[in-house]
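J.: Here you go, sequence then predicted model.
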Amino acid sequence: MEKTTFQKWITSDIPSNQYFFLISLNISRHFWEQYYFPQIKNKFQTNIVHRVEDEKVWKEMETKKMLPQLFPIKEIILLDGISEKGAFEIAQKKSIPTHLKFFYLTEDELTKPWSNVTIIQVGFGEKEFYQWIEKTAGEKFAGLSGAVIKSLYKYWMEYDLSEEDIMGFIRQSQSISNMTPLDVELFFEKSEKTLLFRFLDALSDRNSQLATQYFCSLLKINYPSHLLLTMIARRFRLIAQVLITGVENQDLWKKNRVSPFEIRKIKTYSKKFSPSEITNFFASLRHMDRLLKTINCDFSVLMLDFIDQISVKTQEEDPQTEHSVSSLNGI
């Protein structure tokens, strides 16, 4: 099992007979798609990409793709969503057409003996963030000090900001002379995404004072009530999922991945709740949703009551009680 960083691998010579690579992902999917994957396509000089989301998709294309071609063109097979067992079986195949390059993406701990496969560790550290800003911001980069970039990196890590969020700050800060980290803080503390995450984190931490503060800030920017209910439901559904099933890296209800950034938070906050408490919270969310849809209720009063409910820890439940994530359906 050869482990290497993306930066080392992307600049190295790849043997022509090497066809399978494992990507150990520790960044958001957004930056994978926007920053890293284009470099891989450029390295192999191809834009032909086949995305394999599960074993069924692979079985449908396997026969055709594994046939030798008279005039082969390089193609990338991106195994994103397939199980480790399925990916491992592909990696063990002896005869693979040389024009195919397989990349298996995973955010999980590995359980198979990947002895003959290069494992490429993809993480977006401060150095890579600096290089990305330098490339993306162009001439605007000259006005950013090291301290400002470090502050931007902190907010990007903590709140899973997108490329557009960062560039929005850079565009709006052109008129500021002698920019400092305080300018970064003032900008992002007012942003919708930051306020939302701060609210969800305070709620998950059972901190009613902070949750109320950030809820009032969301009210001031007219954050939609139905969307806020949806985001609260998602957060507590993921917490319940960790408590009941132990699954951390995938949203079992929506059938999509959870970012490494969010996984760390969910694991921490799940220790503050019991499954029965989450069930009660969902009952309250459903009740709130019904009231908002059927009668003219004051959303702020309903939400402040819910925040108070969250802050009070209830009595421990009977450990024999069984719970199911499937009962925590969408709001």
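T.: Structure received.
J.: can you pull out the helices in the stretch 1-150 of the chain?
T.: 6-10, 29-31, 37-43, 55-65, 84-91, 126-137, 146-159 (DSSP state H, counting those that start in this stretch).
J.: Help me confirm that L195 comes into contact with L218.
T.: Yes. The criterion here is Cβ atoms under 8 Å, and L195 meets it with L218 at 5.4 Å. In short, each C-beta sits where N, CA and C put it, glycine included.
J.: Least confident of the helices of the stretch 1-150 of the chain, on average?
T.: With a mean of 77, helix 29-31 has the lowest mean pLDDT of those.
J.: Can you tell me what sits against that helix?
T.: By Cβ atoms under 8 Å, 6 or more residues apart in numbering, the list of residues contacting helix 29-31 from outside reads F124, W132, S162, E163, R257, S259.
J.: Now for the fourth one: which residues touch it?
T.: Contact partners of E163, counting by Cβ under 8 Å, 6+ apart, are H30, F31, Q34, T136.
J.: Return the member of these nearest to L182.
T.: Set against L182, the nearest of those by Cβ to Cβ is T136 (23.0 Å).
J.: quick one: the closest one and E262, what's the gap?
T.: To E262, T136 is 24 Å away according to Cβ to Cβ, to the nearest Å.
J.: how far away is L302 from I221?
T.: From L302 across to I221, the span is 19 Å (Cβ to Cβ).
J.: er, E62 I mean
T.: The gap separating E62 from I221 is 50 Å, by Cβ to Cβ.
J.: mind listing what's buried in stretch 130-137?
T.: Neighbour counts over stretch 130-137 (16 or more other Cβ atoms under 10 Å) mark Y130, W132, I133, A137 as buried.
J.: So if I had to pick from L195 and L218, which one is more boxed in?
T.: Under the criterion of other Cβ atoms under 10 Å, the comparison of L195 against L218 puts L195 first, with 22 against 19.
J.: ok, the more buried one to L110 distance?
T.: Counting by Cβ to Cβ, the gap from L195 to L110 is 37 Å.
J.: L304 too?
T.: Plainly put, L304 is 46 Å away from L110 if you go by Cβ to Cβ.
J.: residue ranges for the strands of the stretch 201-331 of the chain, please.
T.: Assigned by DSSP state E, counting those that start in this stretch, the stretch 201-331 of the chain shows strands spanning 250-251, 256-257.
J.: dump the residue contacts of the residue lying closest to M288 once chain neighbours are set aside.
T.: Using Cβ to Cβ, 6 or more residues apart in numbering and skipping residues adjacent in sequence, the residue nearest M288 is L302, 4.9 Å away. Contact analysis of L302 by Cβ under 8 Å, 6+ apart lists M288, L291, L292.
J.: so what's the second one scoring on pLDDT?
T.: This points to L291. Looking at L291, its pLDDT reads 92.
J.: and if you look at the first one?
T.: pLDDT, the model's per-residue confidence, is 93 for M288.
J.: Residue ranges in the stretch 201-331 of the chain under the pLDDT threshold?
T.: Low-confidence segments of the stretch 201-331 of the chain (pLDDT under 70): 248-250, 254-256, 260, 315-331.
J.: any idea how far the nearest residue to L228 once chain neighbours are set aside is from K272?
T.: Distances taken as Cβ to Cβ, 6+ apart place L218 nearest to L228, at 6.6 Å, with adjacent residues excluded. Distance, L218 to K272, by Cβ to Cβ: 22 Å.
J.: now K85
T.: Using Cβ to Cβ, one obtains 34 Å as the distance from K85 to K272.
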